[in-house]
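> using only what follows, build the 3D model:
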Amino acid sequence: MDEGGTTEPITPPAEEQVAPDTSSEDGRVSAFASCSGYDGNNYCLAECNDTINYWYVVGHVSVVGYGNCASAAFAFCRSMGYSGHNGACWGY
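This is a model prediction of the structure:
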C-alpha cells in the first residue's frame, strides 16, 4: 500500500470498529482499523504477515512522519516476531 492512501480501504464490520485498545499487557496498541489515507492527524497502521486480517497501530503521525509508515510498519512487525508485513497505511 502506498503512503497516499489511494489503495482500497479495509473496513471491518461496524461492530468491530473500536478505538485503539491502549490497555494491552505488552504496552503495544492494536485495533481493528480502517485505512482512510493520510490526513495529518491519524495513525500509521500495519498488517503483519500472519494469517489474520488484523491491523496494528504502529504510531501516531506525530511519531511516524509522512513517508515513513511502510518502513515503520516493517520494523514494528519484525519486533513482534514476524518476518515482515502485508501492508501499511494511514488511518484510524
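> so, low pLDDT: which residues of this protein?
Applying pLDDT under 70 to the chain flags the ranges 1-32.
> can you do 50?
1-2, 4-27 (pLDDT under 50).
> that one: helices as residue ranges?
69-79 (DSSP state H).
> so which residues of it form strands?
43-48, 56-60, 85-91 (DSSP state E).
> same for the longest one, what does it pack against?
Packed against strand 85-91 by the contact rule (3 or more Cβ pairs under 8 Å, 6 or more residues apart in numbering; DSSP states H and E) you find strand 43-48, helix 69-79. Using the backbone N, CA and C atoms, a C-beta is placed for each residue, glycine as well.
> got a list of contacts for the longest one?
In other words, helix 69-79. Applying Cβ atoms under 8 Å, 6 or more residues apart in numbering, the external contacts of helix 69-79 come out as 1, 3, 44-49, 56, 58-59, 64, 83-85, 87-90.
> deepest-packed of the helices and strands packed on strand 85-91, please.
Among the helices and strands packed on strand 85-91, strand 43-48 has the highest mean neighbour count (mean count of other Cβ atoms under 10 Å), at a mean of 26.
> how much space separates G37 from R78?
Plainly put, G37 is 25 Å away from R78 if you go by Cβ to Cβ, to the nearest Å.
> what's the answer for V57, then?
Relative to R78, V57 is positioned 16 Å away (Cβ to Cβ).
> follow-up on the earlier one: in a markdown table: the helices and strands packed on strand 85-91, plus distance to A33.
Converted to a markdown table, those look like this (distance: least, Cβ to Cβ, whole Å):
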| stretch | distance to A33 |
| --- | --- |
| strand 43-48 | 5 |
| helix 69-79 | 12 |
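> how many other residues sit next to D50?
When neighbours are defined as other Cβ atoms under 10 Å, D50 has 13 of them.
> returning to what we had before: from the contacts of helix 69-79, which would you call buried?
Buried subset of the contacts of helix 69-79 (neighbour count, 16 or more other Cβ atoms under 10 Å): 1, 3, 44-48, 56, 58-59, 64, 85, 87-90.
> among the residues you listed, which two are most distant?
The distance between the two most remote of the buried ones among the contacts of helix 69-79 (Cβ to Cβ) is 18.3 Å, for E3 and C48.
> picking that back up, CSV please, covering the strands of the chain and showing distance to F74.
As requested, the strands of the chain are arranged in CSV below (distance: least, Cβ to Cβ, whole Å):
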stretch, distance to F74
strand 43-48, 8
strand 56-60, 10
strand 85-91, 5
